[in-house]
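S.K.: Whatever this is, show me its structure:
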Amino acid sequence: MTQFDMFGEDLPTVAVSLPLPPEPTYPPAVDLEPVPLELRVKPELDAWTRETQRIHIIAHARDLTRLRAAGDTHRVHCILQNAPYVLLKLNGLGGQW
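M.R.: Below you'll find the model as predicted:
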């Protein structure tokens, strides 16, 4: 069987068998003791959520003034129309401010 290149010339097919790489060796598994509940790190999801939502809402507020100054009233209208849904998506955090 031959292989064609982009110019239509016949190229010989070369079958090369490569040796398989050696099977990796891993160190034996070590049994670990479970970490007590008092020492486990607990994520502060409430603080993280609150900060990221605040950044998102502030970015929308900055976009409003920037877009109004640029005369892009259509985008300002869209942001204002979508604001209640954005606040619902962000768990209504905007009502806490």
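S.K.: Every contact and neighbour count from this point should use C-alpha atoms.
M.R.: Noted.
S.K.: Not including adjacent chain positions, what is the nearest residue to Leu67?
M.R.: Of all residues not flanking Leu67 in the chain, Val76 sits nearest, at 6.3 Å (Cα to Cα, 6 or more residues apart in numbering).
S.K.: quick one: that neighbour and Arg62 touch, right?
M.R.: No: between Val76 and Arg62 there is no contact, the gap being 10.8 Å when judged by Cα atoms under 8 Å.
S.K.: For Pro34, see how far away the residue nearest to Leu67 is.
M.R.: 54 Å (Cα to Cα, to the nearest Å).
S.K.: More neighbours: which of these two?
M.R.: Using other Cα atoms under 10 Å as the criterion, Val76 and Pro34 rank with Val76 on top: 19 against 7.
S.K.: if I pick the more buried one, what's in contact with it?
M.R.: 63-64, 67-68 (Cα atoms under 8 Å, 6 or more residues apart in numbering).
S.K.: what do you get for Arg68?
M.R.: Val76.
S.K.: Helix or strand: which one has it?
M.R.: helix 45-70 (DSSP states H and E).
S.K.: What residues sit buried inside that helix?
M.R.: For helix 45-70, the neighbour count (16 or more other Cα atoms under 10 Å) marks 53-54, 57, 60, 64 as buried.
S.K.: same thing with stretch 21-39?
M.R.: Within stretch 21-39, no residue counts as buried by 16+ other Cα under 10 Å.
S.K.: Kindly report the same for stretch 76-90.
M.R.: By 16+ other Cα under 10 Å, the buried positions in stretch 76-90 come out as 76, 79, 83, 86, 90.
S.K.: Apart from its chain neighbours, what residue comes closest to the last one?
M.R.: On the basis of Cα to Cα, 6+ apart, the spatially nearest residue to Leu90 that is not a chain neighbour turns out to be Gln53, at 6.5 Å.
S.K.: Now do the same for that neighbour: its pLDDT.
M.R.: Gln53 carries a pLDDT value of 77.
S.K.: any idea how far Leu88 is from it?
M.R.: To Leu88, Gln53 is 11 Å away according to Cα to Cα.
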